[in-house]
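> I'll drop the sequence and a predicted model, then ask my questions.
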Amino acid sequence: MEKTIPKGPRVHQKLNSEDLFYLLKEQDQVSPKKSVNRKCYRCDCQGRYCDGFSVSLNPTLVEKIDGLEKQLKKTVQIISGVRCEKRNVEVDGSKHSFHLLGRAADIRCETISIDELAAAAEIVGLLVIRDYRDDVVHCQWND
Ligand SMILES: [Zn+2]
Ligand SMILES: [Zn+2]
């Protein structure tokens, strides 16, 4: 019997894999998720390039961040949620940013550190990047 070694991308090391980006983009187009409308996640281009939701917001991402607030018993600020293409370029977002897919949010919580917030987000199952420069935790949902 041959041993099968599990393969596949290491999502934690490369959150914004180009292949995964296009795979999920297509998947979301073919079988759209039930969209959620949460104002705080809207694109912050202020209506210049889109109506705020250039793409539908992933319901699981929202669910997880709601869960995070419950767990922390604190309010989490959504600094950046959905982004349209033009806004993503403006803010110098990565080319395959999951904000473009409605699958990422940059969050902050005034009373706790980036590291504490990131650790809590990981506990609820989100993939995270600690962004010390902008003082936010980038949270992403890939499934
Ligand atoms: Zn926009
Ligand atoms: Zn981000």
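Happy to help now that I have it. Ligands and ions are numbered 1, 2, ... in the order given.
> Of all the residues in the one helix or strand Lys64 maps to, which ones are buried?
Here Lys64, judged by DSSP states H and E, is contained in helix 59-72. Within helix 59-72, the residues that count as buried by 16 or more other CB atoms under 10 Å are 61-62, 64-65, 67-68, 72. For every residue, glycine as well, the C-beta is placed using N, CA and C.
> contacting residues for the most centrally placed residue in the chain?
Ranked by distance to the mean C-alpha position of the chain (CA atoms, centre = their mean), the top residue is Ala104 at 1.2 Å. By CB atoms under 8 Å, 6 or more residues apart in numbering, the contact list for Ala104 reads 61, 81, 97-98, 138-141.
> So which of these are in strands?
138-140 (DSSP state E).
> Can you tell me which of the residues you listed is nearest Phe21?
Gln140 (11.0 Å; CB to CB).
> what about the closest one, distance to Asn88?
14 Å (CB to CB, to the nearest Å).
> that's a helix at Leu24, yeah?
Yes - under DSSP: H, G, I helix; E, B strand; the rest coil, Leu24 sits within a helix.
> Surely it touches Gly102?
No - judged on CB atoms under 8 Å, Leu24 makes no contact with Gly102 at a distance of 10.0 Å.
> Pick out whichever of those two has more residues nearby.
The neighbour count for Leu24 versus Gly102, taken as other CB atoms under 10 Å, is higher for Gly102 (27 against 19).
> was I right about the more buried one contacting Asn58?
Yes - the pair Gly102 / Asn58 is scored as a contact, 5.1 Å apart, by CB under 8 Å.
> Get me the contact residues on this structure for ligand 2.
104, 106, 138 (CB under 5 Å from the ion).
> and with 6 Å instead?
Taking CB under 6 Å from the ion as the contact definition, the chain meets ligand 2 at 80, 99, 104, 106, 138.
> Can I get these in a markdown table including pLDDT?
Converted to a markdown table, those look like this (pLDDT from 0 to 100):
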| residue | pLDDT |
| --- | --- |
| Ser80 | 97 |
| His99 | 97 |
| Ala104 | 97 |
| Asp106 | 97 |
| His138 | 96 |
